[in-house]
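Peer 1: Give me the fold of what follows.
(one chain, ligands or ions: 2)
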Amino acid sequence: QRYLSSVTKPLPADVKVLDHSYSRDKFTNITSRIASHVGRNLHLQKFHPLNIVQQRITNYFYQNFVSAGRSPIFSLYNNLSPIVSVNQNFDSLLIPKDHVSRCKSDCYYINSELLLRAHMTAHQSELLLAGLNNFLMVGDVYRRDEIDRSHYPAFHQLDAVRLRTRDELFPSDSSLQIFEQGNNTDSFGGQEKQACHTLEAAKLMEHELKSTLEGLATHLFGDVEYRWVDTQFPFTQPSWELEVFYNNDWLELLGCGIMRQPILTNSGISDRIGWAFGIGLERVAMCLYKIPDIRLFWSKDSGFLCQFKTHNINEAITYKEISQFPQCTNDLSFWLPENAEFSSNDFYDLVRSEAVI
Ligand code: FA5
Ligand code: MG
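Peer 2: Ligands and ions are numbered 1, 2, ... in the order given. Alright, predicted model coming up:
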């Protein structure tokens with residue numbers, strides 16, 4: 001009866017996310033259960049496995065990309081609001097109006113204008129517009145999906161962008177350019193270079209992107225076998241996925257590619273070419289620590305969380321299974337008569353025989 005009354009109950013006019021109320025419309029499909037995940041910020045929680053993985057990936061970029069003065073050139077944004085506009089999540093990334101990824105069946109819409117970001121790439125254009133050339137973005141993303149061991153409607157991604165000027169790419173050869181007057185029929189998708197890029201610039205960017213990500217895979221997993229798979233994203237061309245061979249299976253680690261030039265020009269950038277990628281943090285953590293179920297990341301059980309309390313983020317940790325029963329705290333005191341014979345096992349046996357689970 002309670003179930004029936006909850007499904008027939010009229011929905012409140014407003015929907016609440018992170019203590020803000022938004023007006024509901026025919027697009028609204030976010031549930032209070034999903035909204036309860038917003039603001040947990042697992043990637044910012046000290047000693048959380050997703051936080052450790054975030055640190056390991058950002059350290060790799062800090063160490064490998066430094067200025068002449070040896071300071072890191074990538075900046076990290078891990079506190080961007082997961083509530084984004086349709087423009088941020090889709091339009092700014094040249095995702096066609098009729099693209100499947102915009103469907104109500106795939107995203108959590110707050111209303112027709114706002115949604116929970118479906119990927120961290122949603123913030124790419126705003127950070128380009130702010131004038132950044134090398135940046136990392138980390139946060140929680142939301143997609144409607146069936147739940148199983150490796151799928152959960154909320155997960156975490158780290159995205160990166162790196163822009164390069166002509167002089168940076170070809171410092172010793174003033175005859176080489178990054179742009180050319182290609183024909184305007186820029187093929188959409190596919191593995192061809194974009195018409196506006198020179199072959200030299202596109203190939204050099206591809207080389208830097210792929211060697212950076214192969215280095216990242218080695219930094220995370222040691223000596224792993226990996227392979228590149230051609231793919232398509234509306235916002236990069238060409239595009240690839242990096243797969244690693246882990247636990248006897250190929251695992252898709254990340255998607256990447258050469259940024260489509262109109263994304264840069266729309267943000268007022270006319271003298272740079274860029275690469276970008278997006279990697280799933282749960283994927284990395286599940287492999288690194290042998291965590292068998294993606295739902296465990298949301299656990300508040302200290303039996304789970306304690307296993308990752310380390311000050312050495314590179315420590316090899318192997319997850320040990322915890323009880324499926326919820327934790328409970330009991331406070332017990334004993335009064336024992338003097339000289340009474342007592343062993344704690346007497347007490348355990350007493351509990352087990354009286355409180356059968
Ligand atoms: C994207 O989300 C693109 N925005 C990535 C990108 C960024 C490409 C910049 C090019 C340039 P995709 O949906 O494939 O792509 O997700 C990227 C990564 O997130 C995947 O490779 C995977 O590691 C992780 N991921 C995707 N879906 C899930 C899921 N349901 N559960 C756990 N991890 C996932
Ligand atoms: Mg993918």
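Peer 1: show me what contacts the most centrally placed residue in the chain?
Peer 2: What sits nearest the mean C-alpha location of the chain, by CA atoms, centre = their mean, is residue 157, with 0.7 Å. Residue 157 is in contact with 119-120, 138-139, 141, 278-281, counting by CB atoms under 8 Å, 6 or more residues apart in numbering. Glycine gets a C-beta too; all of them are placed from N, C-alpha and C.
Peer 1: Same check on residue 99?
Peer 2: 90, 234.
Peer 1: okay, the residue nearest to the centre of the chain: pLDDT?
Peer 2: Looking at residue 157, its pLDDT stands at 98.
Peer 1: and what of residue 337?
Peer 2: According to the model, residue 337 scores 86 on pLDDT.
Peer 1: try residue 161
Peer 2: Model confidence at residue 161, given as pLDDT, is 98.
Peer 1: Tell me who's in contact with it.
Peer 2: Contacts of residue 161 (CB under 8 Å, 6+ apart): 124, 127-128, 132, 134-135, 259, 274-276.
Peer 1: out of the residues you listed, which are inside helices?
Peer 2: With DSSP state H as the criterion, helices contain 124, 127-128 from among the contacts of residue 161.
Peer 1: and which of those residues is nearest to ligand 1?
Peer 2: residue 124 (7.3 Å; CB to the nearest ligand atom).
Peer 1: Pull the number of nearby residues for that closest one.
Peer 2: 27 (other CB atoms under 10 Å).
Peer 1: Check residue 172 too.
Peer 2: Residue 172 has 5 neighbouring residues, counting by other CB under 10 Å.
Peer 1: and it, backbone torsions?
Peer 2: Per-residue torsions, residue 172: phi -110, psi 10 (degrees, to the nearest 10).
Peer 1: cool, and the one 4 residues further on?
Peer 2: Reported as degrees, to the nearest 10, the phi and psi values for residue 176 are phi -90, psi 140.
Peer 1: So it sits against residue 170, correct?
Peer 2: Yes. Counting by CB atoms under 8 Å, residue 176 does reach residue 170; the two are 4.0 Å apart.
Peer 1: Which of those two has more residues huddled nearby?
Peer 2: Remark: of residue 176 and residue 170, residue 170 carries more neighbours, 18 against 14, as counted by other CB under 10 Å.
Peer 1: Look up how far ligand 1 lies from that one.
Peer 2: From residue 170 across to ligand 1, the span is 24 Å (CB to the nearest ligand atom, to the nearest Å).
Peer 1: That residue reaches residue 198, doesn't it?
Peer 2: No. Assessed by CB under 8 Å, residue 170 is found out of contact with residue 198, at 9.8 Å.
Peer 1: related to what we said a few turns ago, okay, and the common contacts of residue 176 and residue 170?
Peer 2: residue 200.
Peer 1: what comes up buried for stretch 215-229?
Peer 2: Within stretch 215-229, the residues scored as buried using 16 or more other CB atoms under 10 Å are 216-217, 219-221, 226.
Peer 1: How about the residues of the stretch 1-150 of the chain by ligand 1?
Peer 2: 119, 121, 145 (CB under 6 Å from any ligand atom).
Peer 1: Let's see if you can find the most crowded of these.
Peer 2: residue 121 (27 neighbours).
Peer 1: Would you list the phi and psi of that one?
Peer 2: Backbone torsions of residue 121, given as degrees, to the nearest 10, read phi -60, psi -20.
Peer 1: Residue 174 now?
Peer 2: Taking degrees, to the nearest 10, you get phi -70, psi -10 for the backbone angles of residue 174.
Peer 1: Relative to residue 52, how far out is it?
Peer 2: 45 Å (CB to CB, to the nearest Å).
Peer 1: Can you list the residue ranges for strands in this structure?
Peer 2: With DSSP state E, the ranges of strands along the chain come out as 14-17, 20-23, 75-77, 83-85, 114-116, 134-142, 154-165, 225-233, 236-246, 249-259, 272-280.
Peer 1: now those in a markdown table, with distance to residue 292?
Peer 2: Shown next, in a markdown table, are the strands of the chain (distance: least, CB to CB, whole Å):
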| stretch | distance to residue 292 |
| --- | --- |
| strand 14-17 | 31 |
| strand 20-23 | 36 |
| strand 75-77 | 29 |
| strand 83-85 | 32 |
| strand 114-116 | 26 |
| strand 134-142 | 21 |
| strand 154-165 | 16 |
| strand 225-233 | 22 |
| strand 236-246 | 14 |
| strand 249-259 | 14 |
| strand 272-280 | 16 |
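Peer 1: quick one, which of those strands is packed in tightest?
Peer 2: strand 114-116 (a mean of 24; mean count of other CB atoms under 10 Å).
Peer 1: quick one: that one to chain centroid distance?
Peer 2: 16 Å (CA atoms, centre = their mean, to the nearest Å).
Peer 1: Give me the mean pLDDT for that strand.
Peer 2: 98.
Peer 1: still on that earlier bit, of the ones in helices among the contacts of residue 161, closest to residue 264?
Peer 2: Lowest distance from residue 264 to those (CB to CB) belongs to residue 128, with 6.6 Å.
Peer 1: Got the confidence number for the closest one?
Peer 2: 98.
Peer 1: Fine by me, thanks again.
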